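**Student:** structure for the following, please:
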Amino acid sequence: MNYLTHQLLNAEEINFIKKELDEATQDWEDGKKTAGSHASKVKNNLQLNRNSEVSKNIAQLVNKKILSSQLIKSFSLPKKIHGIMFTKSLNNMHYGRHIDNPYMCSGRSDLSFTLSLTNKESYKGGELIIETMNSEERFKLNAGEIILYPSSYLHAVNEVNNGERLVCVGWIESYVKSTEKRGYLFDLDAGAISLLAKHGRSDELDLIFKSYSNLLRVMGD
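**Tutor:** Here you go, the predicted structure:
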């Protein structure tokens, strides 16, 4: 499966975000408001009003943290991070099987991401389910951990049976549309960086970095 998990936030950042969200009691609304016609039929959660000052400020923090991660940048090749919002699932809430819109008012969705703001032990159920052609995988993340996966995959969030699931979700428009091509570039970049760390700079490694850069030019939008 073409996904990446990574610890994005530290404890101080998690506590700050949760405190801000806990105090924004008047800004939570029905999650159906931002769902498409099909997704709205299976969506049952709460989300923070995107136009609220709290949402805008924390979204900027998340955006900055994603762009500061070399691993995430290598994996996703982000052209634009967009649609960031904060959602809450309480008892009996869920988000049924759906696929994200390919084009949104904020940008194209090549990759979707979920950033957990609560520890996985603090609620029961609420697993993120991601489907591919031949498999189905379930994820519960630690607080501050993010998962990125292709927006072309069907996915769902299981019903929360006890506790509260608090997450940040959003989308990435990549410089490279193709999941397969991004995978090739990610492997090449990871291999080159590993060789650089082990053996230092070399003429041969310069050729690898040159090929990576030129392949990105060819494969990119």
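**Student:** show me the domain layout of the protein.
**Tutor:** In terms of domains, the chain is parsed into 4-174, 179-219 (source: automatic domain parsing).
**Student:** reformat the ones you listed as CSV; add mean pLDDT and mean neighbour count.
**Tutor:** Quick note: C-beta positions are derived from backbone N, CA and C, even for glycine. Converted to CSV, those look like this (pLDDT from 0 to 100; neighbours: other Cβ atoms under 10 Å):
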stretch, mean pLDDT, mean neighbour count
domain 4-174, 96, 17
domain 179-219, 96, 13
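**Student:** test my guess that residue 186 contacts residue 72.
**Tutor:** No - with contact defined as Cβ atoms under 8 Å, residue 186 does not reach residue 72; the gap is 10.6 Å.
**Student:** and after the longest strand seen in the chain, which helix or strand comes next?
**Tutor:** Ranked by residue count, the top strand of the chain under DSSP state E comes out as strand 78-89. Downstream of strand 78-89, the next assigned helix or strand under DSSP states H and E is strand 94-98.
**Student:** tell me where the protein has helices.
**Tutor:** Under the criterion DSSP state H, the chain contains helices at 11-23, 53-67, 70-76, 179-199, 203-219.
**Student:** would you format those as JSON lines with distance to residue 125 included?
**Tutor:** Listed next are those as JSON lines, based on distance: least, Cβ to Cβ, whole Å:
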{"stretch": "helix 11-23", "distance to residue 125": "20"}
{"stretch": "helix 53-67", "distance to residue 125": "25"}
{"stretch": "helix 70-76", "distance to residue 125": "28"}
{"stretch": "helix 179-199", "distance to residue 125": "29"}
{"stretch": "helix 203-219", "distance to residue 125": "40"}
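**Student:** which of these sits closest to residue 83?
**Tutor:** Nearest to residue 83 among the helices of the chain is helix 53-67; the distance by Cβ to Cβ comes to 9.3 Å.
**Student:** ok, and what's touching that closest one?
**Tutor:** Helix 53-67 has contacts (Cβ atoms under 8 Å, 6 or more residues apart in numbering) with 8-9, 13, 17, 20-21, 23-24, 27, 48-50, 72-73, 78, 81, 84-86, 113, 115, 146, 168, 170.
**Student:** can you do 10 Å?
**Tutor:** 6, 8-10, 13, 16-17, 20-21, 23-24, 27, 47-50, 52, 72-73, 76, 78, 80-86, 113, 115, 117, 144, 146, 148, 168-170, 172 (Cβ atoms under 10 Å, 6 or more residues apart in numbering).
**Student:** what angle do that helix and helix 11-23 make?
**Tutor:** 160 degrees (axes from the mean of the first three to the mean of the last three Cα atoms, to 10 degrees).
**Student:** got phi/psi on residue 105?
**Tutor:** phi -60, psi -20 (degrees, to the nearest 10).
**Student:** check contacts around it.
**Tutor:** Residues in contact with residue 105, defined by Cβ under 10 Å, 6+ apart, are 82, 83.
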